[in-house]
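Chemist: What follows is a protein structure lacking sequence information:
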């Protein structure tokens with residue numbers, strides 16, 4: 001990202017870093033806030049949707065101009081509940097992205113939707129607008145568990161949404177599932193896995209529940225009204241997902257993500273490969289690899305700061321300053337850049353490619369983290385094979401312990 005002293009469009013280093021951007025576009029509107037949700041969302045503000053879309057279009061255009069209309073390989077419209085916006089407004093946002101950036105002809109354009117908020121006509125309109133990948137927030141095929149989570153849809157509505165998506169022309173479909181829920185047993189989780197497989201999506205995400213302090217679940221946990229998660233049971237549930245989905249033909253390409261060959265989420269792969277991306281909209285985060293930054297999390301603050309904004313100033317190349325919608329910036333030193341690249345790569349089945357790391361940073365990973373790698377191999381948490389450092393099955397269950405070691409050995 002250019003600034004004073006930054007590379008220009010003709011600078012090979014600039015082009016290499018910034019011409020394969022991913023765009024994340026945040027839609028904050030929700031019908032209700034789920035008990036586990038810690039995202040930047042607003043409830044019951046439908047009347048402000050048009051105002052928000054106008055501000056978001058302005059932000060997209062400003063960034064496109066500031067960066068010199070770079071190339072974009074993926075667009076991900078997330079939330080919140082993007083499917084609450086009229087399809088025409090989604091089309092307006094995607095058109096703005098295409099005008100402000102050079103969006104690749106074969107770009108993956110993902111859109112999140114909640115069952116119960118879409119029907120075939122809406123989905124067909126979203127498909128016509130340019131969305132070619134749909135991610136449905138199913139979470140679990142159990143009505144009681146859905147109600148406990150604060151979800152508004154039923155298991156039947158989730159099944160119906162899959163059918164409607166197929167009829168609307170979506171041939172790249174992902175389902176989000178959550179395990180480790182309060183009161184959930186292994187048999188119930190297995191049933192959800194089996195039902196998901198029967199629906200035959202191209203992609204499945206299986207996330208363990210994380211209870212954040214600012215959520216409703218976090219409040220209940222502090223008050224003693226919610227039992228702490230059973231980590232052993234959660235581990236059993238993860239292993240059940242790994243086995244069930246593997247047997248059904250889904251490849252685990254990231255710790256929590258499974259896909260049929262060729263249907264890996266390219267946008268999220270950009271995150272895990274520590275490539276630059278822009279976060280657009282209220283509360284969205286971006287990264288230039290040397291810095292990360294985020295927008296205001298409150299709707300009024302975001303909208304007021306967007307009015308008349310002409311783009312960020314830069315404290316250094318690829319390091320924007322706080323101002324306008326940007327609420328915070330964290331410049332990353334070299335040690336943090338290297339550690340985060342390693343940690344993110346280890347989430348992937350492909351692991352940390354030693355040759356690629358050295359080519360990118362001019363430093364050998366096996367020398368920088370010699371002690372850490374030796375200890376991880378001795379503990380059976382990771383191993384080097386075919387020129388890459390990869391987590392073992394045990395390492396995937398103890399990922400946080402592994403990742404912390406890379407941050408500590410600087």
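Modeler: The structure has been received and is ready for your questions. Quick caveat, the model's predicted, so the values are computed rather than measured.

Chemist: show me what contacts the residue positioned nearest the centre of the chain?
Modeler: Against the mean C-alpha coordinate of the chain, by Cα atoms, centre = their mean, the closest residue is residue 268 at 5.6 Å. Contact partners of residue 268, counting by Cβ atoms under 8 Å, 6 or more residues apart in numbering, are 76, 254, 257. (C-beta placed from N, C-alpha, C; glycine too.)

Chemist: ok, it to residue 22 distance?
Modeler: Residue 268 is 9 Å from residue 22, where distance means Cβ to Cβ, to the nearest Å.

Chemist: Now do the shared contacts for the two.
Modeler: What both residue 268 and residue 22 touch, as defined by Cβ under 8 Å, 6+ apart, is the set residue 76.

Chemist: mind checking how far the closest residue to residue 117 other than its chain neighbours is from residue 131?
Modeler: Leaving aside its sequence neighbours, residue 117 sits nearest to residue 83 (Cβ to Cβ, 6 or more residues apart in numbering; 4.5 Å). Applying Cβ to Cβ, the value for residue 83 to residue 131 is 10 Å.

Chemist: Could you name every residue contacting both of those two?
Modeler: Residues touching both residue 83 and residue 131 (Cβ under 8 Å, 6+ apart): residue 111.

Chemist: With respect to residue 246, which of the contacts of residue 268 is nearest?
Modeler: Of all the contacts of residue 268, residue 246 sits closest to residue 257, with 12.7 Å by Cβ to Cβ.

Chemist: Show me what the nearest residue in space to that closest one that is not next to it in sequence is bridged to.
Modeler: Counting by Cβ to Cβ, 6+ apart, the nearest residue to residue 257 once its immediate chain neighbours are dropped is residue 205, at 5.2 Å. With DSSP bridges as the criterion, residue 205 is bridged to residue 176, residue 257.

Chemist: State the distance from residue 205 to residue 138.
Modeler: Residue 205 is 10 Å from residue 138, by Cβ to Cβ.

Chemist: the more surrounded of those two?
Modeler: Legend: neighbour count by other Cβ atoms under 10 Å for residue 205 and residue 138, higher for residue 138 (29 against 21).

Chemist: element containing the more buried one?
Modeler: Using DSSP states H and E, residue 138 maps to strand 133-139.

Chemist: From the recorded domain assignment, give the ranges for the chain.
Modeler: Using automatic domain parsing, the domains assigned to the chain come out as 12-271, 334-408.

Chemist: which stretch among those comes nearest residue 326?
Modeler: The closest of those to residue 326 is domain 12-271. By Cβ to Cβ, the value is 10.1 Å.

Chemist: So what's the gap between that closest one and the chain middle?
Modeler: The chain centroid and the centroid of domain 12-271 are separated by 8 Å under Cα atoms, centre = their mean, to the nearest Å.

Chemist: what about residue 259, how many neighbours?
Modeler: If you count neighbours by other Cβ under 10 Å, residue 259 ends up with 22.

Chemist: The stretch 51-200 of the chain: helices as residue ranges?
Modeler: Secondary structure of the stretch 51-200 of the chain (DSSP state H, counting those that start in this stretch): helices at 87-100, 120-129, 143-149, 155-167, 186-198.

Chemist: name the helices or strands packed onto the first one?
Modeler: Just to be clear, that refers to helix 87-100. Identification of packing neighbours for helix 87-100 by 3 or more Cβ pairs under 8 Å, 6 or more residues apart in numbering; DSSP states H and E yields strand 21-27, helix 49-66, strand 71-79, strand 102-113, helix 120-129.

Chemist: rerun that using 6 Å as the cut-off
Modeler: helix 49-66, helix 120-129 (3 or more Cβ pairs under 6 Å, 6 or more residues apart in numbering; DSSP states H and E).

Chemist: Buried residues in it, which are they?
Modeler: Under the neighbour-count criterion of 16 or more other Cβ atoms under 10 Å, helix 87-100 has 87, 89-94, 96-98, 100 buried.

Chemist: Report the rounded mean pLDDT for it.
Modeler: Across helix 87-100, the average pLDDT comes to 97.

Chemist: got it, and the third one?
Modeler: Averaging pLDDT along helix 143-149 yields 91.

Chemist: Mind listing what's buried along it?
Modeler: Of the residues in helix 143-149, 145-146, 148-149 count as buried by neighbour count, 16+ other Cβ under 10 Å.

Chemist: if we can go back for a sec, which residues are in contact with both of residue 205 and residue 138?
Modeler: Common contacts of residue 205 and residue 138 (Cβ atoms under 6 Å, 6 or more residues apart in numbering): none found.

Chemist: so how far is the helix or strand containing residue 279 off the chain centroid?
Modeler: Assigned by DSSP H and E, residue 279 belongs to strand 277-280. Taking Cα atoms, centre = their mean, the mean C-alpha location of strand 277-280 is offset from the chain mean by 11 Å.

Chemist: For the helix or strand following it, name the packing helices and strands.
Modeler: Next along the chain after strand 277-280, taking DSSP H and E as the criterion, comes strand 285-287. Counting contacts by 3+ Cβ pairs under 6 Å, 6+ apart, strand 285-287 packs against strand 277-280.
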